[in-house]
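J.: Show me the folded form of this:
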Amino acid sequence: MTKTMTNMALIAGLLLTGASAVHAQTLTPQAETGAYVTIGAGGQPQKRSFGSSGTFTSFGEVGRFEVNQNVGAGFLWDVGGGYQFAKHMAAGVSVWGVRSSSAVSGAASIPDPVFFGRFTTVTPTPDNDLHQSSLGVNVQFVYLLPISDKLDLHLSLGPTIIHTKLEVGTLSVTPNSTTVTLASASESKTTAKAGNLGVELAYRLNEIYTGGLFVRYSGGEVDLPSLPKAKVGGLQVGAIVRYRF
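T.: Sure thing, here's the model as predicted:
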């Protein structure tokens with residue numbers, strides 16, 4: 001009996017020692033400083049629409065036209081890096097890109113060649129194969145707030161630079177005819193009148209890798225030749241993986 005109790009005590013001691021070691025390993029704190037790189041993917045769900053209108057002269061009268069364009073949601077990629085210089089503070093830079101499909105439609109009210117004051121509405125075939133692409137650079141100042149042993153909340157903000165290229169729909173009417181042509185022209189511009197604000201829920205897989213889900217706003221305005229103060233960027237959501245050195 002004594003030998004059995006001794007063995008049981010020995011086994012219990014070994015189990016307790018092992019459990020303590022595992023617990024200690026689980027609660028090993030993350031390094032409070034160091035460099036890291038990130039890679040992420042997601043989407044920009046926000047959709048936008050805009051339009052333009054104008055007049056033209058045909059058959060001795062003034063006609064009118066209008067153009068309407070929609071920009072849909074797009075796929076987002078994100079690559080970045082930074083340095084955590086304190087327990088709760090970090091700073092970094094990320095480069096992201098979004099490509100969205102766009103569609104344009106139009107109509108023209110054309111004067112009648114015979115009867116004065118009579119107009120005919122002509123609608124050309126819509127063009128659904130246009131695109132908008134944006135390339136952005138976020139400078140981020142990050143505050144890290146621990147929620148549990150492995151879960152952190154990251155709050156970030158900073159300035160953003162965005163370069164946008166948009167295929168803008170145009171409409172033209174051949175003088176003294178009912179021929180209406182819908183075309184497109186590529187316009188691009190870079191703006192620094194933008195910023196970013198984000199929230200990330202990060203889970204530490206181990207001391208090196210962290211996975212997270214983020215929601216952020218990275219956007220602003222850009223003055224395109226035919227579309228001043230155009231909204232670019234916007235709400236972005238996705239998943240991210242962080243590697244610590």
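J.: Secondary structure element holding the nearest residue to Val104 once chain neighbours are set aside?
T.: Counting by Cβ to Cβ, 6 or more residues apart in numbering, Val104 lies nearest to Gly169, which is 2.9 Å off, once chain neighbours are set aside. Placement of C-beta: from N, CA and C, glycine included. For Gly169, the host element (DSSP states H and E) is strand 151-173.
J.: what's the answer for Thr55, then?
T.: strand 48-58.
J.: Equivalent analysis for Asn206, please.
T.: With DSSP H and E as criterion, Asn206 is part of no helix or strand.
J.: Ramachandran coordinates for it?
T.: Here is the backbone geometry of Asn206 (degrees, to the nearest 10): phi -160, psi -160.
J.: care to break the protein down by domain?
T.: 1-30, 33-244 (automatic domain parsing).
J.: Looking at those domains, which one is packed in the most?
T.: domain 33-244 (a mean of 17; mean count of other Cβ atoms under 10 Å).
J.: Give me the distance between the two termini of it.
T.: 10 Å (Cα to Cα, to the nearest Å).
J.: what pLDDT, on average, does that domain get?
T.: Across domain 33-244, pLDDT averages out at 94.
J.: from the chain's centre, how far out does that domain sit?
T.: Relative to its parent chain, domain 33-244 has a centroid offset of 7 Å by Cα atoms, centre = their mean, to the nearest Å.
J.: Partner strands of the next helix-or-strand element following the strand holding Gly169, with direction?
T.: As assigned by DSSP H and E, the chain's next helix or strand after strand 151-173 is strand 180-204. When pairing is defined by DSSP bridges, strand 180-204 lines up against strand 151-173 (antiparallel), strand 209-224 (antiparallel).
J.: so Ala86 is in which element?
T.: Using DSSP H and E, Ala86 is not contained in any helix or strand.
J.: That one against Glu32, yeah?
T.: Yes - taking Cβ atoms under 8 Å as the definition, Ala86 is a contact partner of Glu32 at 6.9 Å.
J.: now what about stretch 83-93, what contacts it?
T.: For stretch 83-93, contacts defined as Cβ atoms under 8 Å, 6 or more residues apart in numbering pick out 31-36, 38, 80-82, 137-145.
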